[in-house]
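J.: Build me a structure from this.
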Amino acid sequence: MSRSERASIETDVRRRAPWIGAALVLAALVVLLVGASVGSTGWDSLRDAWHDPVAWQIVRDIRLPRTLGAWLTGALLGLAGAVAQGLFRNPLADPFLLGSASGAALAVAALLALWGAPVAASSWLVKLGVTGAAFVGALGGVLLTLMLARGVQHTLRLLLAGVVVGYVLGAIKDLLSLAAPDILTGMLAFMLGNTGFIGWSAVVLMTLVLVPLALLAWALARVLDGLSLGEATARSLGLPLAPMRALLIGVLALATGTAVAQTGLIAFVGLAAPHLVRGLARMTHGPLVLLSALMGGLLLMVADVGARVLIAPQELPVGVLTAVLGGGYLLWLMYRRTR
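T.: Numbers count the residues shown, from 1 in each chain. Down below sits the predicted model:
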């Protein structure tokens, strides 16, 4: 990248990035109000909540934490997607690339098989156990990938190890599901993604994770900029690649594990959010990771509201809508670039 090109990108960042961020925040606030107005029977009026204590309790304890939790989950996935695409220098990389999704699914399947209770019909203790199992399983999948790749020095080896771990753990999860068919219903809800179980405790937890991870990813953005020029160029810039790459993988694993533990597997948000941001303006990885978090949060909020509205009073799994929206966008993007 020449100096003139870099100067042009930095000019775009200074001019557009603040406006893009402000627009994404404003849109998220609007969708938050919409989400607070949508219940199990479809659209509702927030004005009734000010006069009806029961309606206000529904808004305060169910709709608001669910909508905010959807934004936080999408923000974690968008942040992780931007880090993954920069780390692997691959625009098709997603947050689940290092085996976190398959590890979380296997851990949840093992817990349900041992516990013998579906998630939706169980007590808060079982739900808490599923959350913890998903988080531990996601981090375990990433650690197994790191062991097979012998560290973080070789990006290609790390990528291949993640693919292998994903297939192997996924196969073990399928065998476990066949051996204990009673868990299939609970596993289906986890695999399709669900924001219905998010409460205020989950909102606080995801906020405490998102803020430091976003700051750390922003601080390490210079490493991603260097890697985009090639590893040899990044080393020539004097960047300590091994420890910084380890920190970036830690950001990726912790963000993905936290999101998966709260909502299950939600596809395409982490993959599509950085692409949408890049489509708005050329930018370096510093603003990209932050704006991808905002974009991911907005995408999942919109999908969550759509999941409640489209076939009310029933709900669609939010992961189905994100797959349709994200997959449709990427297909359109591929078609446009082919033309």
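J.: Spatially nearest residue to residue 94 (excluding sequence neighbours)?
T.: Among residues not flanking residue 94 along the chain, residue 271 sits closest, at 4.2 Å (C-beta to C-beta, 6 or more residues apart in numbering). To be clear about C-beta, it is placed using only N, CA and C from the backbone, and glycine gets the same treatment.
J.: in the stretch 101-250 of the chain, which ranges drop under the pLDDT threshold?
T.: Per-residue confidence for the stretch 101-250 of the chain (pLDDT under 70) gives these ranges: 116-128, 151-153, 230-239.
J.: Which parts of the stretch 51-200 of the chain are helices?
T.: Counting by DSSP state H, counting those that start in this stretch, one finds helices in the stretch 51-200 of the chain at the ranges 53-58, 64-87, 100-115, 124-149, 155-179, 184-192, 200-219.
J.: Mean neighbour count, these: which tops it?
T.: Ranked by average neighbour count under the criterion mean count of other C-beta atoms under 10 Å, the helices of the stretch 51-200 of the chain are headed by helix 64-87 at a mean of 29.
J.: How far does that helix sit from its chain's centre?
T.: Relative to its parent chain, helix 64-87 has a centroid offset of 4 Å by C-alpha atoms, centre = their mean, to the nearest Å.
J.: Export that helix to PDB, keeping only CA atoms.
T.: Output for helix 64-87, consisting of C-alpha atoms alone and laid out as PDB, is shown next (Å, rounded to 0.1, in the frame of the first residue of the first chain):
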ATOM      1  CA  LEU A  64     -35.600  -4.700  27.300                       C
ATOM      2  CA  PRO A  65     -33.000  -7.200  28.400                       C
ATOM      3  CA  ARG A  66     -33.700  -9.400  25.500                       C
ATOM      4  CA  THR A  67     -33.300  -6.600  23.000                       C
ATOM      5  CA  LEU A  68     -30.200  -5.200  24.700                       C
ATOM      6  CA  GLY A  69     -28.800  -8.700  25.000                       C
ATOM      7  CA  ALA A  70     -29.300  -9.200  21.200                       C
ATOM      8  CA  TRP A  71     -27.400  -6.100  20.600                       C
ATOM      9  CA  LEU A  72     -24.500  -7.100  22.900                       C
ATOM     10  CA  THR A  73     -24.400 -10.600  21.400                       C
ATOM     11  CA  GLY A  74     -24.300  -9.200  17.900                       C
ATOM     12  CA  ALA A  75     -21.600  -6.700  18.900                       C
ATOM     13  CA  LEU A  76     -19.400  -9.500  20.400                       C
ATOM     14  CA  LEU A  77     -19.800 -11.500  17.200                       C
ATOM     15  CA  GLY A  78     -19.200  -8.500  14.900                       C
ATOM     16  CA  LEU A  79     -16.000  -7.600  16.900                       C
ATOM     17  CA  ALA A  80     -14.800 -11.200  16.700                       C
ATOM     18  CA  GLY A  81     -15.500 -11.400  13.000                       C
ATOM     19  CA  ALA A  82     -13.500  -8.300  12.300                       C
ATOM     20  CA  VAL A  83     -10.600  -9.700  14.300                       C
ATOM     21  CA  ALA A  84     -10.800 -13.100  12.700                       C
ATOM     22  CA  GLN A  85     -10.800 -11.600   9.100                       C
ATOM     23  CA  GLY A  86      -7.900  -9.400   9.900                       C
ATOM     24  CA  LEU A  87      -5.900 -12.100  11.700                       C
END
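J.: got the contact list for residue 286?
T.: Residue 286 sits next to 13, 218, 221-222, 225 when contact means C-beta atoms under 8 Å, 6 or more residues apart in numbering.
J.: which two in those residues are spaced the farthest apart?
T.: For the contacts of residue 286, the maximum inter-member distance is 13.7 Å, found between 13 and 222 (C-beta to C-beta).
J.: which of the two has more neighbours?
T.: A side-by-side neighbour count of residue 13 and residue 222, using other C-beta atoms under 10 Å, places residue 13 first with 19 against 16.
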